[in-house]
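J.: Need a 3D model of the sequence below.
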Amino acid sequence: MRALLLWAAAACAAITNERLVDPVAKEMALADEKRYRENYAPRTPKELAEDERALQFYTKIMSQVTNWAADDHKPRPPTPAPLPPSVRLTLHAASPSARRSALRIVKELRGDRASRTAVLVQTPYWGSGSKEDERERFQDELWSVAEAAGLERRHAALGTSGTTARTSRVTESLITELDEGTAEASSQIIVSLDLDAWTPCRTFSKDFWDALPSLNGDALYIAAAPPSKPGHAAVADLSTTIVGWASAEGARRAKELADVLRNYRDKQLEGPGSSESPPDAILDAAYDLSIEPSDLPAQLRCASCSAGCAGADLERERAKVRAGTPERLVKFEGDTSKIDALAARILGDEGDRRLPCMHGFATTQEPHAPSFVIVSGVNVRDGNNAKADVDLALNKRAYALARGYGFAFYVADTLDRLLRRKTAHSHIFEEKRLAWEFSKILMVRDAMRRYKSARWYCWIDADAWVNPSQFSVELERYVEDVPQNRHVVLGNYRGLNTGVFLVRGNADGREVVRKWLAVARDGLAQCHPHDQAALEWLQLWAMNGSHAQERRPYDFECTKKSACGAGGAGYSCIPLWGEAVKRAHQWKSPTITAYDQQTWYVDEAVDRGIANPETPLFWISTETERRPRLQCFRCYSSLDQVDYRPGRNFKVQEGADRSWLVNHKGQLLFYKTAMTISKQAGDACLVEPQTAIYFQV
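T.: Predicted coordinates:
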């Protein structure tokens, strides 16, 4: 037995001798023992430094011991890095009530998936002093609520943005989330909710998890607008946005999306007009990347909300609004029955039945990939003009079908949410609404996304109609001589009238429309003719060298202060535009050659297209022997001749076709010549008695 014990001791000694010992550590240990044997002799600074190094070394070694009984100095396996969140939820809350809703939403994010969810509550700058204390209290409350719900503290953050404009704040946050998400994981879902646009219901926790898409493959998932019905635009107002991917290729596409949005932001900052990101920028980015957006899940759009939603009761909210409290937070969907009924009268079965009443009608078969698209829209309204709106829309649809063009028709009321501009400061939440005339810009943008292959888009106002005797005239004739550097084509009429215009369907054309919208959103065209005045401003800005910070090109200003308000110049900004064009010629920037050679006024030379070489971006298409005038204003007498009216219609060019293609207004002539009218009750072509009397049918 003793021999066996001696053999075991020898074996242990051999193993100990074979153990690798750091010579530096051994030397330091022996020195330490020697000092202790010398009865703790006073240490010199050098010795104290050696002690410190020894302590650090031993601390490092001991931290790697996994089995104290065996004195195992093998390094422990590295702790795996924490998994990145699979869902990134951003809650935008500019107002105090929205922040309360944000806390409620975070509190309800319970379940197994909550631990893999990162939440960012994004607010505007709070201010200093007591406001900073309030911000810290909200941060502590957010952390407390997040931990109670099972979220990690590092995944619950409060962000502050110095940007006051709602759309810019949401877009900037989305870019940041895309950058961080693509850097962390190859599979992720980003959800952005603006609680100042709508308030989710009390069942949000269940609704939220049910609404998240199941992702697979390399595609990039984008959802920003609810399903669009006939007559409805795709309204992506940034109230809810979802982006997701499930592979490295999807992450690469998400990075591209961030870059496109960043490029849009930079363009907005460069000018002209508002630096705010347009509300539907996410749809434009999807268009640039050739991605077909998905419909927003019903649980994450306003239509899913009802009484009992987070933040406040429905009736109490409405009572506050009626009492004069500024409308904020909750956006309730209005009754869409009238919108749907109007759309059906033009695009549905009722419209199909009335189409044969329009002269020139040929078919109801929509073309597959048209090169030209007719775009138009109308508001829901009552009275005889409302009934005429339907007939005039059917006239435009008949022309589009006869020529093989696309027809994009919208009920303008569906775009109301995109006309709202919201700003938020530390103590003010403000909402303003653009004039409804600017909705035509949004309709053109939506048509560009809907008919992606078109070369040109032709807008025709609701109160304009196509000459039935000219249905054989193609729109191609009006763009055949347009230079490649001109992207908007207008008719020969006063003041860049936008009753009829064509815009090129490429990146340059879309860029002009983007700038047009930026001018409108910046409040640079506050007076009549609104959208037309914004286009006039843009034309002068381009003539003046396209300086980003220019606010009054050639001293042109169309604001309530200078044009249509107290002390203003009058009802319309068109005369002010004419004066600005004259100043451009007087300042020789540019010199309008036609004015030096002729006797007419400078603005008339611009209107008639004689100054086309000096007006960047735009082109006036005048009548020729091959094409009639594109637009006639209030032509009442004949389908074959332009009514010359000083200040309205110019005289027809010598040797040109004396007719016109589109009549802006002139409904009386429409009912007399452009529509088959029945006197038999129940017939599709019957005009209601009141409308017949009103238009002297």
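
J.: ok, residue 615 - contacts?
T.: Going by C-beta atoms under 8 Å, 6 or more residues apart in numbering, residue 615 touches 539, 542-543, 606. For the C-beta atoms, the positions are set from N, CA and C on the backbone; glycine is no exception.

J.: okay, how far is it across stretch 453-465, tip to tip?
T.: In terms of C-alpha to C-alpha, to the nearest Å, the two terminal residues of stretch 453-465 are separated by 25 Å.

J.: Am I right that residue 619 is in contact with residue 482?
T.: Yes. Counting by C-beta atoms under 8 Å, a contact exists between residue 619 and residue 482, whose distance comes to 5.0 Å.

J.: where are the low-confidence patches of the stretch 501-650 of the chain?
T.: 565-570, 598-600 (pLDDT under 70).

J.: The same query, at a cut-off of 50, please.
T.: Along the stretch 501-650 of the chain, segments meeting pLDDT under 50 span 566-568.

J.: quick one: the strands in it?
T.: With DSSP state E, counting those that start in this stretch as the criterion, the stretch 501-650 of the chain has strands at 617-620, 629-633.

J.: Output the helix or strand following the last one as CSV, restricted to C-alpha atoms.
T.: Going back to what we said before, that points to strand 629-633. For strand 629-633, the following helix or strand on the C-terminal side (DSSP states H and E) is strand 660-664. Coordinates of the C-alpha atoms in strand 660-664 are reproduced here as CSV (Å, rounded to 0.1, in the frame of the first residue of the first chain):
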residue,chain,number,x,y,z
TRP,A,660,-58.0,72.9,-79.7
LEU,A,661,-57.5,69.6,-77.9
VAL,A,662,-58.6,70.3,-74.3
ASN,A,663,-61.1,72.9,-73.2
HIS,A,664,-60.6,74.2,-69.7
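
J.: anything in contact with each of residue 619 and residue 482?
T.: Residues touching both residue 619 and residue 482 comprise residue 489, with contact defined as C-beta under 8 Å, 6+ apart.

J.: before we move on, the earlier item: would you tell me which of the strands of the stretch 501-650 of the chain gets closest to residue 498?
T.: strand 629-633 (9.8 Å; C-beta to C-beta).

J.: same for that closest one, what does it pack against?
T.: In this structure, strand 629-633 makes packing contacts with strand 660-664, judged by 3 or more C-beta pairs under 8 Å, 6 or more residues apart in numbering; DSSP states H and E.

J.: give me phi/psi at residue 529?
T.: In terms of degrees, to the nearest 10, the main-chain angles of residue 529 are phi -100, psi 30.

J.: which residues does the nearest residue to it once chain neighbours are set aside contact?
T.: Setting aside the residues directly before and after it, residue 529 is nearest to residue 572 in space (C-beta to C-beta, 6 or more residues apart in numbering), at 6.3 Å. Residues counted as contacts of residue 572 (C-beta under 8 Å, 6+ apart) are 527-529, 563-564.

J.: follow-up on the earlier one: out of the strands of the stretch 501-650 of the chain, which gets nearest to residue 195?
T.: When the strands of the stretch 501-650 of the chain are compared by C-beta to C-beta, strand 617-620 sits nearest residue 195, at 39.4 Å.

J.: Partner strands of that closest one, with direction?
T.: Strand 617-620 has these partner strands in its sheet, going by DSSP bridges: strand 486-490 (parallel).

J.: and the angle from the partner strand to strand 629-633?
T.: Interaxial angle, strand 486-490 versus strand 629-633 (axes from the mean of the first three to the mean of the last three C-alpha atoms, to 10 degrees): 50 degrees.

J.: ok so, going back, could I get the contacts of residue 572 as CSV with neighbour count and distance to residue 342?
T.: Output for those, formatted as CSV (neighbours: other C-beta atoms under 10 Å; distance: C-beta to C-beta, whole Å):
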residue, neighbour count, distance to residue 342
527, 24, 29
528, 17, 25
529, 23, 24
563, 23, 33
564, 18, 30
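
J.: Pick the one among the residues you listed closest to residue 466.
T.: The shortest separation between residue 466 and any of the contacts of residue 572 is 21.9 Å, and it belongs to residue 529 (by C-beta to C-beta).

J.: just how off-centre is stretch 572-582 within its chain?
T.: For stretch 572-582, the gap between its own C-alpha mean and the chain's C-alpha mean amounts to 32 Å (C-alpha atoms, centre = their mean, to the nearest Å).

J.: now swap in stretch 480-492 and tell me
T.: Between the centre of stretch 480-492 and the centre of its chain there are 27 Å (C-alpha atoms, centre = their mean).

J.: Now do the contacts for residue 267.
T.: Counting by C-beta under 8 Å, 6+ apart, the residues that residue 267 touches are 511, 514.

J.: Check it and give its pLDDT.
T.: Turning to residue 267, the model gives it a pLDDT of 87.

J.: tell me which element it is part of?
T.: Under DSSP H and E, the secondary-structure element containing residue 267 is helix 248-270.

J.: mind listing what's buried in that helix?
T.: Buried residues in helix 248-270, counting neighbours by 16 or more other C-beta atoms under 10 Å, are found at 250-251, 253-258, 260-262, 264-265, 268.

J.: Throw those residues into JSON lines and include distance to residue 198, thanks.
T.: Shown next, in JSON lines, are the buried residues of helix 248-270 (distance: C-beta to C-beta, whole Å):
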{"residue": "250", "distance to residue 198": "28"}
{"residue": "251", "distance to residue 198": "29"}
{"residue": "253", "distance to residue 198": "28"}
{"residue": "254", "distance to residue 198": "25"}
{"residue": "255", "distance to residue 198": "29"}
{"residue": "256", "distance to residue 198": "29"}
{"residue": "257", "distance to residue 198": "23"}
{"residue": "258", "distance to residue 198": "25"}
{"residue": "260", "distance to residue 198": "26"}
{"residue": "261", "distance to residue 198": "22"}
{"residue": "262", "distance to residue 198": "26"}
{"residue": "264", "distance to residue 198": "24"}
{"residue": "265", "distance to residue 198": "24"}
{"residue": "268", "distance to residue 198": "24"}
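
J.: Please enumerate the helices of the stretch 301-450 of the chain.
T.: For the stretch 301-450 of the chain, the helices identified by DSSP state H, counting those that start in this stretch occupy 314-322, 337-347, 349-354, 384-403, 439-450, in order along the chain.

J.: For stretch 680-695, the averaged confidence score.
T.: Here the mean pLDDT over stretch 680-695 is 84, rounded to a whole number.

J.: what element comes up after the helix holding residue 267 heading to the C-terminus?
T.: Moving toward the C-terminus from helix 248-270, the next helix or strand (DSSP H and E) is helix 281-288.
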